[in-house]
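Colleague: Just a sequence and a predicted model for now, questions to come.
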Amino acid sequence: MRIAVVTDSAAGFPLGWRLPGAPAEGIEVVPMPVLVGDEILTGEYDDVTGPLMLALAAGADVRTSRPSPGQFDRLYGRLADDGYDGIVSVHLSGLLSGTADAARLAASRAALPVEVIDTRTAAMAQGRAALAALAAARGGGDLQSSAAAAAMAARGSALYFYVPSLEQLRRGGRISGAAGWLGTLLSVRVILHVQGGRLVPLERMRTAARALQRLQELAEADVTRRGGAARLTVHHFGNEEEASDLAERLGHGVGPERVSLASCPAVLAAHAGLGVVAVTVSAEQTGMA
């Protein structure tokens, strides 16, 4: 069977990973809209990052939206026309976005079978699930086994992140007002993680330096629980130097070839705000970058 793999831009692949010969070559990415005032930004990289940074710095109205079912209809239709026998569609947590619901609606009327995976996570924890589906499909797996590989990779990944303030998350309704109050009290910084598909506050820190150090400790402890074998991605938005330093420190423990650096997906940065640093920890997979 020829199995296609689809995901959305919340997957946060590092720049260049979808080019020919790169790890995510062949994965189709549905853009997730970011709305800055009346302007809709739908790209993944430079065409969104600059305007979004400026909007967040200015305190402008920033919102996000799910892709429309029609976008999935058109993509699934094209893949059917291209001769694929099935599609694994791997998406951002359904408790954070309606993207998986839009994909399911399109899947119900597609001309070929589509398995929609709600990863219950985001960023490269989601991206690793899409990569697992791709590896399974290229290894000769059928639709069900490729979808199962994606689901297993999603369950086996963790996402931790630091935000200087919870105000942007509170504005977007992604976290409770009480948690927002905790995040601004006495300039406390907050570390969160994804649990059961939701954003959950994990720890409070007094300084940014201590928060980044604690983020490193959490990631390293997670790797240790996995027996030392894992792939990590450090995401950043507006603070690449800090993230690069963190990635280098993490690389000392697992090997620099197992740590990648990527901009935070715009749809997540719109809610997390400037200064976010996230780390995803995923199970080691044979032959995967």
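Modeller: Looks like it arrived, so ask away.
Colleague: where exactly do the helices run in this structure?
Modeller: 46-57, 69-81, 99-107, 123-138, 143-155, 167-171, 177-184, 208-225, 240-254, 266-272 (DSSP state H).
Colleague: For the stretch 1-150 of the chain, give me the ranges with low pLDDT.
Modeller: Low-confidence segments of the stretch 1-150 of the chain, defined by pLDDT under 70, span residues 43-47.
Colleague: Go again with 90.
Modeller: Low-confidence segments of the stretch 1-150 of the chain (pLDDT under 90): 1, 33-65.
Colleague: try the stretch 151-289 of the chain
Modeller: 163-190, 198-208, 228-229, 238-239, 266-267, 269-274, 284-289.
Colleague: give me that answer again for 50
Modeller: Flagging of the stretch 151-289 of the chain using pLDDT under 50 yields the residue ranges 186, 286-287.
Colleague: Now the residue nearest to P164 when sequence neighbours are not counted: phi and psi?
Modeller: In space, P164 comes closest to G275 once its chain neighbours are excluded; the distance is 4.3 Å by Cβ to Cβ, 6 or more residues apart in numbering. C-beta here means a position set from N, CA and C on the backbone, and glycine is covered the same way. Taking degrees, to the nearest 10, you get phi 90, psi 0 for the backbone angles of G275.
Colleague: Can you give me every residue that contacts G275?
Modeller: G275 makes contact with 163-164, 208, 237-239 under the criterion Cβ atoms under 8 Å, 6 or more residues apart in numbering.
Colleague: again, only this time at 7 Å
Modeller: Contact criterion Cβ atoms under 7 Å, 6 or more residues apart in numbering gives 163-164, 238-239 as the residues in contact with G275.
Colleague: quick revisit: closest one to V6 among the helices of the chain?
Modeller: Put simply, out of the helices of the chain the one that sits nearest V6 is helix 69-81, at 6.4 Å, with distance taken as Cβ to Cβ.
Colleague: which outside residues touch the closest one?
Modeller: Applying Cβ under 7 Å, 6+ apart, the contact partners of helix 69-81 are 4, 6, 28, 30, 87, 102-103, 105-106, 110-112, 114.
Colleague: Which of those sits closest to A269?
Modeller: Of all the contacts of helix 69-81, the one sitting nearest A269 is V30; the distance, using Cβ to Cβ, is 17.7 Å.
Colleague: Was I right to think that closest one contacts D8?
Modeller: Yes: the pair V30 / D8 is scored as a contact, 4.7 Å apart, by Cβ atoms under 7 Å.
Colleague: if I look at the residue nearest to V279 when sequence neighbours are not counted, how far off is S282?
Modeller: With sequence-adjacent residues excluded and distances taken as Cβ to Cβ, 6+ apart, V279 is closest to A219, at 4.6 Å. With distances defined as Cβ to Cβ, to the nearest Å, the gap from A219 to S282 amounts to 11 Å.
Colleague: Same question for R206.
Modeller: In this structure, R206 and S282 are separated by 30 Å, where distance is defined by Cβ to Cβ.
Colleague: who's more crowded, these two?
Modeller: The neighbour comparison of R206 against S282 (other Cβ atoms under 10 Å) goes to S282, with 27 against 11.
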